[in-house]
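A.B. asks: what's the 3D shape of this:
(one chain, ligands or ions: 1)
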Amino acid sequence: MSRIVIVSNRTPGKGPAAGGLAVALRKVLGEREGFWFGWSGKLTEQPARAARIEDIDGLEVAQIDLTREDHHAYYAGFSNSILWPSFHLRLDLATIESHWYEGYRRVNQQFARALLPLLKPDDIIWVHDYHLIPLASELRQLGARNRIGFYLHIPFPTADALYAIPHHEELMRDLSRYDLVGMQAKRDVSAFTEFAEHQAPSTFGGHKVQAIDFSRTEIEAFPIGSDPDAFARLSISPAATKMVHRMKRALGDQRLILGVDRLDYSKGLPQRIEAYEKLLANNSRMRRSVHMLQVAPPSRDSIKEYQETSDTLDAICGRVMGHFAEPDWQPLTYVKRAYGQPSLAGLYRMARVGLVTPLRDGMNLVAHEFVGAQDPDDPGALVLSRFAGAAEIFPEALLVNPFDTDETAEALRMALDMPLDERKERWQALMAAARKYNVDDWAVSFLARLAPGTLEKSSTRDVLYLASVA
Ligand SMILES: O=P(O)(O)OC[C@H]1O[C@@H](O)[C@H](O)[C@@H](O)[C@@H]1O
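C.D. replies: Below you'll find the predicted structure:
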């Protein structure tokens, strides 16, 4: 049986795996032979030529060190100051320093050179996310003939945003070197197909670039999910229950509105707090009977735009507190810290409203986990951005335009006033979808498509969208 090789920028660490994705991919590697390859998290003077292989809680992990300079250009630079904002349609927040591309490319070459000697001819390689778009090209250039798949965890940009990315044509050509490209949502496959079918002439150097041949590459939507039943169990675990008791002591009868997001400008946090501010302003009866908790662990804080988002959020939260707080009532708690899955599961379960309003998001697993954690007899309501991939899976959520804070405020009011029967009905549909699009089937479906015949597909989920681009 072929081995599976997972490649991603970050590798799983020691101790309990944090997210559903890491758990699912660990499971794939637990059931089959294979290993995980990625950056070690270490920065060195000299680039590492060979990977160090370690056993991490029974999982074989091969890691390489990067130089500080390369890592900066590859991670904070090209990946997170150009690709991330552009793919999330925030060109206003992109820093277009095209020289970062060299570092990005160098790191991808370094990954390929260190990975190649570890490969067997029939290994199936699964590359994850925007940091590693060129990896298949680099491996193929070194002679690898393996089946190689790529999964993009973030949204695919519209054509205009794509054209603003330096070297976008090379990146698209790189994608054509994969056998399978997986995306989160139908809209991403459509955006990709739009580019592939109407490739604009190059704006660089005045010469026409030969059209990219995508005929060997399958493009398909594989919406990622969570393990909602595991989350349901976790939400009544002792650690979760401890958190619930703690919160109940603090909240009394107040209904909880909960947001949990990395502190990232794509998550729409300022707009979300403004919507809550409008809820309180327009519905004085809600004051003292609701409380909003926003958990926002800091992220990528070496990047200026992230620091600015953090400052903006501090100011908005301060404004709401100053305006509505009373000596014995606070409208809002804002926590800039990460919590473990059990505590989060407890918080999700006790929340009356899950508020998930990214301005643009690949999928958004918080929405899935919130659904999984609800009490079937008294479920909370989900207010969800139309611009999260999750909106394609969860039409029974209260879908909002997160830029329209009046609309989000009104959805919050509806969620808080929603009768129990309606909450149950909506939740049952949401839970059925969360189960159908679960993370285990996601991994199996992707691998079955990447290596037909060598893997059994046990999934019952539908293929959402398949585009064949010639
Ligand atoms: O790895 P970072 O920069 O801390 O970001 C966390 C994660 O953010 C996700 O949204 C990306 O798709 C992942 O690839 C990434 O690992």
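A.B. asks: so Ile53 sits right up against Val61, yeah?
C.D. replies: Yes - at 7.3 Å, Ile53 counts as touching Val61 under the criterion of Cβ atoms under 8 Å. Heads up, the C-betas are built off the backbone N, CA and C, glycines and all.
A.B. asks: what is in contact with those two at once?
C.D. replies: Common neighbours of Ile53 and Val61 (criterion: Cβ atoms under 8 Å, 6 or more residues apart in numbering): Phe35.
A.B. asks: of those two, who's got more company?
C.D. replies: Applying other Cβ atoms under 10 Å to Ile53 and Val61 shows that Val61 carries more neighbours, namely 22 against 12.
A.B. asks: and that one, bridged to which residues?
C.D. replies: Beta bridges link Val61 to Trp36, Glu54, judged by DSSP bridges.
A.B. asks: what's the answer for Arg10, then?
C.D. replies: With DSSP bridges as the criterion, the beta-bridge partners of Arg10 are Trp39.
A.B. asks: residues touching it, list them.
C.D. replies: By Cβ under 8 Å, 6+ apart, the neighbours of Arg10 are 38-39, 41.
A.B. asks: would you agree Pro85 is in contact with Ala94?
C.D. replies: Yes - at 4.1 Å, Pro85 counts as touching Ala94 under the criterion of Cβ under 8 Å.
A.B. asks: between these two, tell me which one has more neighbours.
C.D. replies: The neighbour count for Pro85 versus Ala94, taken as other Cβ under 10 Å, is higher for Pro85 (24 against 19).
A.B. asks: can you list phi and psi of the more buried one for me?
C.D. replies: Main-chain torsions, Pro85, degrees, to the nearest 10: phi -60, psi -40.
A.B. asks: in the stretch 51-200 of the chain, what residue is nearest the ligand?
C.D. replies: In the stretch 51-200 of the chain, the residue that lies nearest the ligand is His153 (3.6 Å; Cβ to the nearest ligand atom).
A.B. asks: okay, that residue and Asp361: tell me how far apart.
C.D. replies: His153 sits 10 Å away from Asp361, going by Cβ to Cβ, to the nearest Å.
A.B. asks: more neighbours: which of the two?
C.D. replies: Using other Cβ under 10 Å, the more surrounded residue of His153 and Asp361 is Asp361, with 30 against 18.
A.B. asks: which residues does that one contact?
C.D. replies: Listed by Cβ under 8 Å, 6+ apart, the contact partners of Asp361 are 154-155, 266-267, 385, 387-390.
A.B. asks: of those, which is the most crowded?
C.D. replies: The most crowded member of the contacts of Asp361, judged by other Cβ under 10 Å, is Ala390 (34 neighbours).
A.B. asks: I'd guessed that one sits against Gly362; true?
C.D. replies: No - using Cβ under 8 Å, Ala390 is not in contact with Gly362, being 9.2 Å away.
A.B. asks: distance to Ala230 added to the contacts of Asp361, as TSV?
C.D. replies: Converted to TSV, those look like this (distance: Cβ to Cβ, whole Å):
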residue	distance to Ala230
Ile154	24
Pro155	26
Ser266	27
Lys267	24
Ser385	25
Phe387	27
Ala388	22
Gly389	21
Ala390	18
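A.B. asks: in a markdown table: those residues, plus pLDDT, distance to Ser445 and secondary structure.
C.D. replies: Formatted as a markdown table, the contacts of Asp361 follow (pLDDT from 0 to 100; distance: Cβ to Cβ, whole Å; DSSP: H, G, I helix; E, B strand; the rest coil):
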| residue | pLDDT | distance to Ser445 | secondary structure |
| --- | --- | --- | --- |
| Ile154 | 97 | 19 | coil |
| Pro155 | 98 | 20 | coil |
| Ser266 | 98 | 26 | helix |
| Lys267 | 98 | 27 | helix |
| Ser385 | 98 | 25 | strand |
| Phe387 | 98 | 24 | coil |
| Ala388 | 98 | 20 | strand |
| Gly389 | 98 | 16 | helix |
| Ala390 | 98 | 17 | helix |
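A.B. asks: quick one, strands of the stretch 1-150 of the chain?
C.D. replies: Applying DSSP state E, counting those that start in this stretch to the stretch 1-150 of the chain gives strands spanning 4-10, 34-44, 52-56, 59-67, 124-128, 147-151.
A.B. asks: can you put those strands in TSV and add mean pLDDT and distance to Glu170?
C.D. replies: As requested, the strands of the stretch 1-150 of the chain are arranged in TSV below (pLDDT from 0 to 100; distance: least, Cβ to Cβ, whole Å):
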stretch	mean pLDDT	distance to Glu170
strand 4-10	96	19
strand 34-44	96	22
strand 52-56	95	30
strand 59-67	96	21
strand 124-128	97	16
strand 147-151	98	15
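A.B. asks: now those as a markdown table including distance to the ligand?
C.D. replies: Supplementary listing: those in a markdown table, determined by distance: least, Cβ to the nearest ligand atom, whole Å:
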| stretch | distance to the ligand |
| --- | --- |
| strand 4-10 | 5 |
| strand 34-44 | 10 |
| strand 52-56 | 17 |
| strand 59-67 | 14 |
| strand 124-128 | 7 |
| strand 147-151 | 10 |
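A.B. asks: let's have the ones you listed in TSV, adding distance to Ala185.
C.D. replies: Converted to TSV, these look like this (distance: least, Cβ to Cβ, whole Å):
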stretch	distance to Ala185
strand 4-10	20
strand 34-44	25
strand 52-56	32
strand 59-67	29
strand 124-128	17
strand 147-151	13
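A.B. asks: where does this structure dip in pLDDT?
C.D. replies: Applying pLDDT under 70 to the chain picks out residues 15-20, 199-210, 454-470.
A.B. asks: so which residues on it come close to the ligand?
C.D. replies: Counting by Cβ under 6 Å from any ligand atom, the residues of the chain close to the ligand are 10, 129, 153-154, 299-300.
A.B. asks: mind doing that once more with 5 Å?
C.D. replies: Residues of the chain that fall close to the ligand, judged by Cβ under 5 Å from any ligand atom: 129, 153.
A.B. asks: for the chain, longest helix please?
C.D. replies: For the chain, the longest helix by residue count, based on DSSP state H, is helix 304-324.
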